[in-house]
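> here are the coordinates; sequence isn't available:
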């Protein structure tokens, strides 16, 4: 099957490469000439475990192609995936200008039946706008060419995107015609053969499923952060609380880990967009408004603990940060808690040294040289008056505490992800603070 994927960002590149791995003939399209040339040379612009090798293999074997022109392959493809960005507008709603431009391009140039599938996360009702944009361009041309639109939201976790795509919990496809359903069934049949669930819905429901899923997960995180903050006040241990409620089959244990706030490209943006969608319909999402407030507050919690320890006197203190990415196994710093923490530390007059296994370049691209970039985790903690753990990378789990005690000015550790044991840290001789314990 011949397909095109427009947009070689995280979703588009992972999806296109995995479709090629399944045997499809895939053309990835992006207007960024430098990005396309880099991909042709085997250089992947994002960090995702295993993606580099998969891109290179499928490109060499002729199943994966890269171009800046959708029109170069439009006559040969049966499906066009739109995986372009939907950045938030100033009011938090999703900006659809790139999505609609893909639709107009399809309308201007198609000569045969195609299904235009929205892969980007878009508000409910976007498919109607996409369909209208294609039809408007066909009317301008004075031609009648059959086409369909569909919605196929992605559910990829950064750091585990390839396994999520190849072995999904479910695939959601919104369609409005039997023909589109048949085409999408042909594409996803390799997953169906392994009994993976492909759920066909109407298009508005598919569009809503993506937002509702991410908003539910964000809600669980904010709920546990709220519980954790209360646990500290009443003397309870949030880890015990988490295990106790997670053992209830009606609740389950996933996404019940408290910490210093969620970030990334999905949860913050999608919660905001769903709130705005409701507002446009005259409805208030009371729960999600609270979820967003709790998360914004939680991103301050590590700094607040540090500030309280030093009784507001942070000027001139040397502060080390372990972890910059919003989560492990990615270099993505969108909405990362580290950015909030760094800003608060700098405003308080601190000297900040940071280390992350893969996100150092991304951090420098975002904030420049206002912090010192350490060569490794121990270099970051050199002469530090406190060590703040923001991202729970595996290599931070078993450090040499003896080395840290000798090289830090003060053995103070504030753990924003609860990866260490309080009793053990006390025995080692560290002043230790975490979330909800």
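Looks like it came in fine. It should be emphasised that the depicted structure is a prediction, and the values quoted were computed from it without experimental measurement. Numbering: from 1, shown residues only.

> what helices or strands is the helix or strand where residue 186 lies leaning on?
Applying DSSP states H and E as the criterion places residue 186 in helix 178-193. Under the contact criterion of 3 or more Cβ pairs under 8 Å, 6 or more residues apart in numbering; DSSP states H and E, helix 178-193 touches strand 79-82, strand 114-118, strand 147-151, strand 171-174, strand 198-201. (Each C-beta comes from the backbone N, C-alpha and C, glycine too.)

> so which bits of it are buried?
Using 16 or more other Cβ atoms under 10 Å as the test for burial, helix 178-193 gives 180, 181, 183, 184, 187, 188, 191.

> any idea how far the residue sitting furthest away from the middle of the chain lies from residue 402?
Ranked by distance from the centre of the chain (Cα atoms, centre = their mean), the top residue is residue 142, with 41.6 Å. Separation of residue 142 from residue 402 (Cβ to Cβ, to the nearest Å) stands at 78 Å.

> what ranges do the helices span in the stretch 201-350 of the chain?
Per DSSP state H, counting those that start in this stretch, the stretch 201-350 of the chain carries helices over the ranges 203-234, 238-246, 267-280, 286-298, 301-309, 337-347.

> what packs against the last one?
Looking back up the chat, that one is helix 337-347. Counting by 3+ Cβ pairs under 8 Å, 6+ apart, the packing neighbours recorded for helix 337-347 are helix 301-309, strand 318-322, strand 351-355, helix 360-367.

> and the ones you listed, which is most packed in?
strand 318-322 (a mean of 26; mean count of other Cβ atoms under 10 Å).

> taking strand 351-355 as reference, get the angle to that strand.
20 degrees (axes from the mean of the first three to the mean of the last three Cα atoms, to 10 degrees).

> what's strand 318-322 in contact with?
Contacts to strand 318-322, defined as Cβ atoms under 8 Å, 6 or more residues apart in numbering, come from residues 306, 338, 341-342, 345, 350-356, 371, 374, 377, 380-391, 393, 396, 408-409.

> how far off centre is stretch 222-241?
26 Å (Cα atoms, centre = their mean, to the nearest Å).

> name the residues of that stretch that are buried.
Buried residues in stretch 222-241 (16+ other Cβ under 10 Å): 222-229, 231-232, 238-239, 241.

> now those in TSV, with distance to residue 1 and pLDDT?
Shown next, in TSV, are the buried residues of stretch 222-241 (distance: Cβ to Cβ, whole Å; pLDDT from 0 to 100):
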residue	distance to residue 1	pLDDT
222	41	98
223	43	98
224	43	97
225	44	97
226	47	97
227	48	98
228	48	97
229	51	97
231	52	97
232	55	96
238	49	96
239	48	95
241	49	97
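
> tell me the two of those residues that are most distant?
Spatially, the most separated pair among these is 222 and 239, at 17.7 Å (Cβ to Cβ).

> three-state assignment of residue 195?
Secondary structure for residue 195, judged by DSSP: H, G, I helix; E, B strand; the rest coil, is coil.

> of the contacts of strand 318-322, keep whichever come out buried.
Neighbour-count burial (16+ other Cβ under 10 Å) is assigned, among the contacts of strand 318-322, to 306, 338, 341-342, 345, 350-356, 371, 374, 377, 380-382, 384-391, 393, 396, 408.

> before we move on, back to that, closest to residue 5 out of the buried residues of helix 178-193?
Distances from residue 5 to the buried residues of helix 178-193, taken by Cβ to Cβ, are shortest for residue 187, at 11.9 Å.

> and the pLDDT at that closest one?
We have a pLDDT of 94 for residue 187.

> now it, nearest residue through space, not along the chain?
Spatial nearest neighbour of residue 187, chain neighbours left out: residue 1 (6.0 Å); criterion: Cβ to Cβ, 6 or more residues apart in numbering.

> hmm, that neighbour is touching residue 22, no?
No: Residue 1 is not in contact with residue 22 according to Cβ atoms under 8 Å; the separation is 9.3 Å.

> which of these two has more neighbours?
More crowded of residue 1 and residue 22, by other Cβ atoms under 10 Å: residue 22, with 18 against 15.

> and the more buried one, what does it touch?
166, 190.

> next one: it from residue 362, what distance?
30 Å.

> try residue 127
Taking Cβ to Cβ, one finds residue 127 at 33 Å from residue 362.

> ok, now residue 404?
26 Å.

> ok, residue 314 next?
Distance of residue 314 to residue 362, computed by Cβ to Cβ: 26 Å.

> please name the nearest non-neighbouring residue to residue 329.
residue 159 (2.8 Å).

> same check on residue 245?
residue 251 is the one closest to residue 245 (Cβ to Cβ, 6+ apart), at 5.4 Å.

> burial of that neighbour, as a residue count?
Residue 251: 12 neighbours (other Cβ under 10 Å).

> same question, residue 195
There are 6 residues near residue 195, going by other Cβ under 10 Å.

> any idea how far it lies from residue 263?
From residue 195 to residue 263 the distance is 34 Å (Cβ to Cβ).

> what's the span of stretch 354-367, first residue to last?
Terminal residues of stretch 354-367 are spaced 12 Å apart (Cα to Cα, to the nearest Å).

> how far away from the center of its chain is that stretch?
The mean C-alpha position of stretch 354-367 is separated from the chain mean by 17 Å, Cα atoms, centre = their mean.

> need the residues that contact that stretch.
So stretch 354-367 is contacted by 47, 320-325, 330-333, 338-339, 342, 371-377, 379-380, 391, 393, 395 (Cβ under 8 Å, 6+ apart).

> give me that answer again for 7 Å
47, 321-325, 331, 333, 342, 371, 373-374, 376-377, 379-380, 391, 393, 395 (Cβ atoms under 7 Å, 6 or more residues apart in numbering).

> so what's the residue count around residue 270?
With other Cβ under 10 Å as criterion, residue 270 counts 25.

> what sits against the closest residue to it other than its chain neighbours?
Distances taken as Cβ to Cβ, 6+ apart place residue 214 nearest to residue 270, at 4.3 Å, with adjacent residues excluded. Contact analysis of residue 214 by Cβ under 7 Å, 6+ apart lists 266, 267, 270.
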